[in-house]
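Novice: sequence first, predicted coordinates after that:
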Number of protein chains: 2
Amino acid sequence: MDADSFRVRGLGSEEMEPYQLTATQVLEKFKDGSLTIEQYARSLLARIEKRDDAVKAWAYLNPEYVIQQAKELDAVPLEKRGPLHGVAVAVKDIMYTKDMPTEHNSPIYKGDEPKVDASAIMTLRHAGALILGKTTTTEFASTTAGPKTSNPHDATRTPGGSSSGSAAAVADFQAPIGLGTQTGGSTIRPGSFNGIYAFKPTWNAISREGLKVYSLILDTIGFFARSAEDLQLLSDIFLLEDDVPPPTNFSVKGAKFAVLKTMVWPSAGPGTIAALEAGARILKEHGAHVEEIELPPSFDKMPEWRHIVMQTEARPSFLAEYRVAKDKLAPFLVDHVENGQKISRAAQLEALDGIARLRPEIDEIAGRYDAILTPSVVDEAPVGLDFTGDAVFNAIWTALHTPVVNIPGFKGENGMPIGLSLVAPRYHDRRLLVVSEAVGNIFKSEGGWKKQIHD
Amino acid sequence: MDADSFRVRGLGSEEMEPYQLTATQVLEKFKDGSLTIEQYARSLLARIEKRDDAVKAWAYLNPEYVIQQAKELDAVPLEKRGPLHGVAVAVKDIMYTKDMPTEHNSPIYKGDEPKVDASAIMTLRHAGALILGKTTTTEFASTTAGPKTSNPHDATRTPGGSSSGSAAAVADFQAPIGLGTQTGGSTIRPGSFNGIYAFKPTWNAISREGLKVYSLILDTIGFFARSAEDLQLLSDIFLLEDDVPPPTNFSVKGAKFAVLKTMVWPSAGPGTIAALEAGARILKEHGAHVEEIELPPSFDKMPEWRHIVMQTEARPSFLAEYRVAKDKLAPFLVDHVENGQKISRAAQLEALDGIARLRPEIDEIAGRYDAILTPSVVDEAPVGLDFTGDAVFNAIWTALHTPVVNIPGFKGENGMPIGLSLVAPRYHDRRLLVVSEAVGNIFKSEGGWKKQIHD
């Protein structure tokens, strides 16, 4: 590959390699003819070749097939191109892709190649996306036992999970866009650990047909990107719409933010404590109204209920694998199917209905602010690849179905990235992204963590 | 095929063809060696060959492949057989089967053959099921525009839908077990129209992974059978469990039933009015306590809310097909994706949350009785194949997530079958099946409609 020699003029004065571009930036290059999709693909493949030994983000990637797709996309005339034409997308390996295997990081599905696209993949391909390959995941996106993937910023640390590969690939400039999912904290947590934007839209705003199911009422598709702008692009493609179109002139000055530590705040480490304090301070310094709030006592049972819902919904989800190959299934999933915790149906329904009652309540609370600012993680990415980290701060919002964006910008005691979450009421996704872009720009310049391209 | 010449001794004194056996009955024959799976398969295929011109229940059926599967199943030693070994199952053509096409009755998926099994199919195959073929459905199990299938009891009438083929095949003795789904009334309504048992378990008690999604919060997998016993068999395979094991000595005498006409009772035709009256009377005559109840006013908005939930959840579900081939999608699905009804997100959430609040309420009400007796349909199956009928009585229970069994037994003014629904609180599926068996036996002998095998 000779892509190393190919350079394009970036947005600033420095020269940028094509692989460094965001989706929005690369689309401009395709449109003005300064870059072909094949050149772009070769640049990404060269980047991947250079970095894969260190990061290991891919479960499946066929460079020849990528180039073949790129050539086919180059052959499409400009006027027939979709809104994502030529943009490379990294796909978590629990989503069906008709031209690649889908293995769920499970020996049960080793080499399995369902000839079907997940609904989201079908939509992305129609928009012109270049499906680059499949990215690593924990087993069925369900465990915290990491795959082989390393954090691009420190190879001794986890990139988080379960969407490990998609987050690491985007953070490491191996792809501009990554697809993930979140049942506990599998999108927002790796977003924070890798210092990139991560977006968990409102539950069921995007179809999950063709994805491995863990918990029907919790699973949510999510996105990784290196800019808030790119998340808006994806939201257009997936037809995310608020009742009221988001403001075009949103300013942090005069905006209202709630700082919410939540009932799991005792889990927060020094990095997150410092980041939340700094985030609130920076927003105030920029003229925002910032007030600390607490969740009403009705939310006290949330963590316990969320746990019950996830475990009990896993029973039907993994029954087939349990029947066919119990010995190849993670022991804790076997335990879920067998209901080893002896969770009664009454307790399951109490949890399911209890959380359902809290959803309009949190909408009402969040609706008083431009966004809620709350932790994304307990701290920096921990050392070691075995454990992908704690989802305790994310799980609340997953269960409440609200949109969440991880805003990168801070760093911990070891210089690793730490993000903060912005939360809005359900189906206020587009407004949340506008707020996220404004807040993200401020955190980027004042939060202390800088985007890094590692050699 | 020479299966016509093969006859086995039935449960009574009459001789029965193998195709006439229920799943439970045929399993006995396999076990005692009086019938091979190949003989059974040939009997079913002969029945299908004889009747297919009239009923047209199948979207895909390959007789040679059926025989091949049967031979392979015959080769498995008795001690290695699963609980459904050799039992033929008809599969609605919106469920992925790795060895057959899945076309959803949509031109978009014509000839499509995803190489993957839906979770439920994987579980059934592991239990030894003989997957006979794919049965007709309305487009994506979403419309009321019928497929080619006729009601086995009157070829001029609809078998109902959307699970048209599975219901007709079971009623016509072309398969003992049929798989359906229900988003509005797609399992219970065809059960009633065809005079067979139909079972919609508690929502999400069985995985829907690998099924076309219409509405995530409404879609439910369902079963057709010609006996309540067979539904118990399926419930074992799918690990349906109540908190309290169902009684082994349930008797209608002394049992408590609520008769519930619901807020949509004005839709009921003479056949259903008579059936509900007769059903209540017969239960009373058998010593049951029967009282008529009404839903509290909090349920008044149910029909409207249910409609809103279904329409708004269809937006993400059909976005991919809309993007790829809008012109090949039913106009009302295009309208759903485009939100032609201008349903606001606020209205969507009010409906979603409103129904969620009613679920524990109905559990509490239903929990006071052994079952609620309520209509399955507005009346007999209407004449014509274009319209699969009204789901108004079913849609309530689908949205409330309660288990429902259609009990056949009555007939309308034109001699066509009419069933009644029994409803229990969520996750009381096994108890409901025990009650259904007892009630079903009484309705069968006194309700006026007799099982018919048409030539």
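Specialist: In hand now; what should we look at? Residues are numbered from 1 along each chain as shown, chains lettered A, B, ... in the order given.

Novice: which residues touch the lengthiest helix in chain A?
Specialist: Criterion DSSP state H: the longest helix present in chain A is helix A:345-366. The contact list for helix A:345-366 (C-beta atoms under 8 Å, 6 or more residues apart in numbering or on different chains) reads A:217, A:258, A:293, A:295-296, A:298-299, A:301-302, A:304-306, A:308-309, A:312, A:372, A:399-402, A:423-426, A:428, B:241-243, B:349, B:353, B:356-357, B:359-360, B:363, B:426-427. Heads up, the C-betas are built off the backbone N, CA and C, glycines and all.

Novice: out of the residues you listed, which sit inside strands?
Specialist: A:258, A:293, A:372, A:423 (DSSP state E).

Novice: among these, which one lies nearest to chain B?
Specialist: residue A:423 (15.8 Å; C-beta to the nearest C-beta).

Novice: nearest spatial neighbour of the spatially most central residue of chain A, chain-adjacent residues omitted?
Specialist: Residue closest to the average C-alpha location in chain A (C-alpha atoms, centre = their mean): residue A:187, at 3.4 Å. The shortest distance from residue A:187 to any non-neighbouring residue, by C-beta to C-beta, 6 or more residues apart in numbering or on different chains, is to residue A:222 (3.0 Å).

Novice: before we move on, what about residue A:178?
Specialist: residue A:166 (3.1 Å).

Novice: circling back to that earlier point, just the buried members of the ones in strands among the contacts of helix A:345-366?
Specialist: When the ones in strands among the contacts of helix A:345-366 are checked for burial by 16 or more other C-beta atoms under 10 Å in any protein chain shown, the buried set is A:258, A:293, A:372, A:423.

Novice: in CSV: these, plus pLDDT and distance to residue B:194.
Specialist: Conversion of these to CSV gives the following (pLDDT from 0 to 100; distance: C-beta to C-beta, whole Å):
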residue, pLDDT, distance to residue B:194
A:258, 98, 56
A:293, 98, 57
A:372, 98, 52
A:423, 98, 49
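
Novice: out of those residues, which is nearest to residue A:37?
Specialist: Using C-beta to C-beta, the shortest approach to residue A:37 within those belongs to residue A:423, at 36.3 Å.

Novice: that closest one pairs with what?
Specialist: Per DSSP bridges, the residues bridged to residue A:423 are residue A:372, residue A:404.

Novice: distance of the residue nearest to residue A:388 when sequence neighbours are not counted from residue B:205?
Specialist: Take residue A:388 and drop its neighbours on the chain: the residue closest to it by C-beta to C-beta, 6+ apart is residue A:161, 3.1 Å away. Applying C-beta to C-beta, to the nearest Å, the value for residue A:161 to residue B:205 is 28 Å.

Novice: which of these two has more neighbours?
Specialist: residue A:161 (33 against 22; other C-beta atoms under 10 Å in any protein chain shown).

Novice: so who does that one touch?
Specialist: Contacts for residue A:161 (C-beta under 8 Å, 6+ apart) come out as A:137-138, A:141, A:143-144, A:146-147, A:186, A:189-190, A:388-389.

Novice: hmm, which two among the ones in strands among the contacts of helix A:345-366 are most spread apart?
Specialist: A:293 and A:423 (11.6 Å).

Novice: name the residues contacting each of those two.
Specialist: A:260, A:372.

Novice: what is the burial count for residue A:269?
Specialist: 18.

Novice: wait, it touches residue A:381, no?
Specialist: No - applying C-beta atoms under 8 Å, one finds residue A:269 not in contact with residue A:381, separated by 11.4 Å.

Novice: do you know the pLDDT at residue A:450?
Specialist: pLDDT for residue A:450: 89.

Novice: again, but for residue A:394
Specialist: Looking at residue A:394, the pLDDT reads 98.

Novice: cool, and residue A:3?
Specialist: 40.

Novice: what of the one 4 residues further on?
Specialist: In this model, residue A:7 is scored at 54, pLDDT.

Novice: can you list the residues of the stretch 1-150 of chain A near chain B?
Specialist: A:96, A:98, A:112-117, A:119-120, A:122-123, A:126-127 (C-beta under 8 Å from any C-beta of the partner chain).

Novice: derive a PyMOL selection command for the buried subset of those residues.
Specialist: This is the PyMOL syntax for the buried subset of the residues of the stretch 1-150 of chain A next to chain B, where burial follows 16+ other C-beta under 10 Å:
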select buried, chain A and resi 96+98+113+114+116+117+119+120+122+123+126+127
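
Novice: so can I have TSV of the residues of the stretch 1-150 of chain A next to chain B showing secondary structure and pLDDT?
Specialist: Below are these laid out as TSV (DSSP: H, G, I helix; E, B strand; the rest coil; pLDDT from 0 to 100):
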residue	secondary structure	pLDDT
A:96	coil	98
A:98	coil	97
A:112	coil	97
A:113	coil	96
A:114	coil	95
A:115	coil	95
A:116	coil	97
A:117	coil	98
A:119	helix	98
A:120	helix	98
A:122	helix	98
A:123	helix	98
A:126	helix	98
A:127	coil	98
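
Novice: among the residues of the stretch 1-150 of chain A next to chain B, list the two that are farthest apart in space.
Specialist: Checking those with C-beta to C-beta, the most distant pair is A:112 and A:127, at 26.3 Å.

Novice: strands of the stretch 1-150 of chain A, start to end?
Specialist: Here the stretch 1-150 of chain A has its strands, by DSSP state E, counting those that start in this stretch, at A:8-9, A:15-16, A:58-60, A:88-92, A:130-135.

Novice: and the gap between the closest residue to residue A:111 other than its chain neighbours and chain B?
Specialist: Among residues not flanking residue A:111 along the chain, residue A:101 sits closest, at 6.2 Å (C-beta to C-beta, 6+ apart). Relative to chain B, residue A:101 is positioned 11 Å away (C-beta to the nearest C-beta, to the nearest Å).

Novice: then residue A:296?
Specialist: 17 Å.

Novice: and what of residue A:362?
Specialist: 11 Å.

Novice: repeat for residue A:129
Specialist: In terms of C-beta to the nearest C-beta, residue A:129 sits 12 Å off from chain B.

Novice: ditto for residue A:333
Specialist: Distance from residue A:333 to chain B, by C-beta to the nearest C-beta: 13 Å.

Novice: what do you get for residue A:318?
Specialist: 8 Å.

Novice: so who does residue A:298 touch?
Specialist: A:357-358, A:361.

Novice: what's the closest of those to residue A:172?
Specialist: Once C-beta to C-beta is applied, the member of the contacts of residue A:298 that ends up nearest residue A:172 is residue A:358, at 37.4 Å.
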